[in-house]
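Peer 1: What follows is a predicted structure for the sequence shown.
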Amino acid sequence: MRPLPEVPSAAARADAPPSGAALVEHYPRLARLGYLVLPHSLSRDRRVLAAHALAQRSLQAARRAGAAEGGPVPPPRRPGRAEAADPGYAYVRRQVLRGALAAGRPLRLRRRPLRAQFPPVLPLTWGLRLFPHSGGADELALEQRLSAVSGAARAAFVLRGLEGLADREVRRVLSDAGVADPHAALLEADGVPASYALLASPEFDPCSLHARPPDLPRRRRYVRAALAGAAALLVCGTLLGLPGEGWGRGALSEPLYARNPAAEAALDPGALRRVPATFWQRSARADFTAWPTRGDRTDDIRLLRRALRVWARPGGAVRTSTTPLTPVGPPMGPPQLLYAGEVGASAVVLFHDGLRVVRYAEPRDADPSEGAALDFARVDGADEASAGALVVSRTQGAVRYLTAPWVRRVRVRDLLAPGRAPHALHRSPDGVTDPLTVPAAAPGCRSWNAVELAGAAAVRLVTDLGELAPARLTSGPPARPRDVSGRAAYDGWARTACLLPAVRAHGVRVVNSWVYAQQSLPEGNGTAQWLCTRAETWRGTGSRVLAQFQAPSGRPRGSRPPGVVAARAEDAAECGTRAPRVLAGVLWKSRGGRWYVLAAGSGQFVSLSTSGGVTSRVRGRLLAVPAGAGDRARLTGRLADGSRVTALH
C-alpha cells in the first residue's frame, strides 16, 4: 500500500475542510487508522464500530468547518509521492486521530467527558458481531505489541508505517491531534519492531469483515427480561397514574410499589374505627381511645382516603412535622378517626393509632396539593390528665384546640398576670375552641396564654409548646405533683412561663415547677426562692431540668422579671420521681454592691460545701458566702445517708 504524503501544517483552516467525496475516497484508510489507534482493551467488535464512527464523524466535522468558513472546498485528489498532498484528507485524518486518542483517556469526575469516550450510537448492528478477517501469527504478535504501548505511541507507529510520514511530520501531526509530548510518543514507538508491512493486512481492515451471531441463549434471556420489565413498567405506570394515586405534578402521595393486603386495609376509609358519642361515659379508660368521632366531614370518603394515603406515603408537596423520635411510617392497622371537619380555611383530619396522633390538613377551597400538611406526635401512655385536648389548627399565630368529651368548661389564663381572672373560651358543638394567640407569638414575652380544662373532678392547666398535644403544667414536689392552683403556685409560674421556650418543640408531655427552698438574702435584701422546673417527654428520654433563682422584686405581681436559670441539664434524674433532689448555686450581687455565692439544696441535703475560687462549708441546705466579682466555685452537698452529690450543671 502506497503511503500518503502529509500536507504542510501552515495550510489555512479555510482550505482544510474536505468535500464528502474526499472522505469517501480515503474512507477505508481512515477507518483502518482509527482501528489501529483505538485502545486495544476494547473488543474487536467494538473497535470496528468505533473506527467507523470516527471516520463518519470526521466527515460531519469537515462539513461544519467548510460551512463556517464559507470558502470553496478544494477538490479531492489522489495524492502520490510526486503530488501535492490533499488538505481535505489531512483535515479528516487529524479528526480521526483526535477521536481515537480521546477514546483511550479514562473518565474523570472533574473533567467534562468527550464524545469519543463513550460507545458510539451509530453505526449500530443488531443481532450480529462483526470482526476483521483473521491473520497469521505475525499479525497476532503485532496486535499484542501495539496493545502494550500508549495510544500516542500507536498513533506514531501507524503514521510512520501506514501513512509513510517522516518523524518530523509525525511530530507535527501528533501535536495537531492534541498529543502533549510527540517526541516521547516516537521514542515509545521505537520499541515496537518495525513490521510496517503488516499494517496493510486484512487483520487490521475494519471494512472487510466477518459476521457472526452473539451468544444466542444469553440474547434470548435478555430479550425476555427486557419485555417483562417493560410490561411491568407499563402496568405500574397505568395504575399509579390514575387520579389520586400520586404520579401527577404536585402529587400528595408517593406511588405504591408493593401490594400488601394488611397495609391496604389500613388505608381503607371504610375500615376506620369510629367511636360513638357516649362511649367515653362507660369506657374503662379515659384517654384518646375513648374520644368520640366528631366533625362535619366524617362521611367525606374522598377526604379520608386522601388523608390516609398521604399518611402512608407523603409526597414532596406535603409539609411534614414530627415530635422528636416519633415514627412516621404508615398505620399498622385501621386507625381510630378522632375528627374530620372544616376548621377555618382548612379541612382537618385527626387520627389515633394507639401510639401516635396524626393530623392531616389541606386548603378547604383550593387544590389539596397547595398547602397540605401532615403532623405526627407520640401520645402513648396517655391518661385522663394528659388527653384533655389536641391542637386541631395552628395558623397565623393562633391555635385552636379539640377538647376531650369530658371537658365541661374551657377558660384562658394569662400566666404572667396571676392576679387576673381567667376568661371563657367558646367551643363549637364538636368541641373545637375559638382561635387563641400562640404564647410564643407574643412579642417580648408580655403575656403567656394557658388553657384551663375543667372536668368533673379537676381543673387542669395546659399550654401550647408547638406540638399537637399541649403540655400539662403542674406544681409541687416530684413525688406529689398537683394541678396548678393557689396564689403561691400562680406566682411561681408567673416568673417561670417565659422560660418555657427552652423546652418548646421537644415532645413535652408535662412541665412541673416547684419551690424546693427559700433563702433569706444577706444584708437584709429580702427572701429569694429556688425553683426546679422539669419537662418530661412522651418518649421518656430527653427530659430537661432548669434550676431557677428568683430574687425578691419590688415590682407588682404580673410585672416581675423571670427567674434566673442557675443550672440546666438534659436527661438528668434530678428533680424527678427517681431522684427528687436538686442542688444549685449562683453568684449574686446585693443592693449594696457586694458579691456572694448563694446555694440551696432540697430537703435531702444536710450540708453544703464550696471549693475552687471560694472555699466554705456549712451545715444545712442553704449557703451564702462572700465572694468577688467573677469568682467561680465548685459546689457539692452531702445527703443524710452520707453520700456526696454535685450541683446540677
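Peer 2: On my side now, so go ahead. All values reported here derive from a predicted model rather than from experimental measurement.
Peer 1: secondary structure element for residue 93?
Peer 2: Per DSSP states H and E, residue 93 falls inside helix 87-103.
Peer 1: what helices or strands is that helix leaning on?
Peer 2: Judged by 3 or more Cβ pairs under 8 Å, 6 or more residues apart in numbering; DSSP states H and E, helix 87-103 is in contact with helix 20-37, helix 44-69, helix 151-161, helix 167-176. Backbone N, C-alpha and C define where each C-beta goes, glycine included.
Peer 1: mind redoing it with 6 Å?
Peer 2: Contact here means 3 or more Cβ pairs under 6 Å, 6 or more residues apart in numbering; DSSP states H and E; on that basis helix 87-103 packs against helix 20-37, helix 44-69.
Peer 1: in the shortest one, what's buried?
Peer 2: It stands for helix 20-37. For helix 20-37, burial by neighbour count (16 or more other Cβ atoms under 10 Å) applies to 22-23, 25-27, 29-37.
Peer 1: Which of these sits closest to residue 296?
Peer 2: The nearest member of those to residue 296, counting by Cβ to Cβ, is residue 34 at 76.2 Å.
Peer 1: Surely that closest one touches residue 100?
Peer 2: Yes - Residue 34 lies in contact with residue 100 (Cβ atoms under 6 Å); the separation is 4.9 Å.
Peer 1: tell me the domain ranges of this protein?
Peer 2: Domain assignment of the chain by automatic domain parsing yields the ranges 13-212, 245-382, 391-579, 581-649.
Peer 1: quick one, which of these is nearest to residue 233?
Peer 2: domain 245-382 (11.8 Å).
Peer 1: Which residue is the nearest non-sequential neighbour of residue 323?
Peer 2: residue 507 (3.8 Å; Cβ to Cβ, 6 or more residues apart in numbering).
Peer 1: contacting residues around the one you found?
Peer 2: 323, 324, 537, 538, 539 (Cβ atoms under 6 Å, 6 or more residues apart in numbering).
Peer 1: rerun that using 10 Å as the cut-off
Peer 2: Residues in contact with residue 507 (Cβ atoms under 10 Å, 6 or more residues apart in numbering) are 322-326, 377-378, 465, 467, 469, 471, 535-542.
Peer 1: just how off-centre is the longest strand seen in the chain within its chain?
Peer 2: Secondary structure of the chain per DSSP state E: the longest strand is strand 508-520. Counting by Cα atoms, centre = their mean, to the nearest Å, strand 508-520 is centred 39 Å from the centre of its parent chain.
Peer 1: Now render the domains of the chain as a markdown table, adding mean pLDDT and distance to residue 231.
Peer 2: Shown next, in a markdown table, are the domains of the chain (pLDDT from 0 to 100; distance: least, Cβ to Cβ, whole Å):
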| stretch | mean pLDDT | distance to residue 231 |
| --- | --- | --- |
| domain 13-212 | 71 | 21 |
| domain 245-382 | 87 | 16 |
| domain 391-579 | 92 | 44 |
| domain 581-649 | 94 | 66 |
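Peer 1: And the ones you listed: which comes nearest residue 228?
Peer 2: The closest of the domains of the chain to residue 228 is domain 245-382. By Cβ to Cβ, the value is 16.6 Å.
Peer 1: Cross-check the contact I'm expecting between residue 508 and residue 544.
Peer 2: Yes - Residue 508 sits in contact with residue 544 when judged by Cβ atoms under 10 Å, with a separation of 8.1 Å.
Peer 1: who's more crowded, those two?
Peer 2: Counted by other Cβ atoms under 10 Å, residue 508 and residue 544 do not tie: residue 508 has more neighbours, with 26 against 19.
Peer 1: ok, now how distant is the more buried one from residue 465?
Peer 2: Distance from residue 508 to residue 465, counting by Cβ to Cβ, to the nearest Å: 5 Å.
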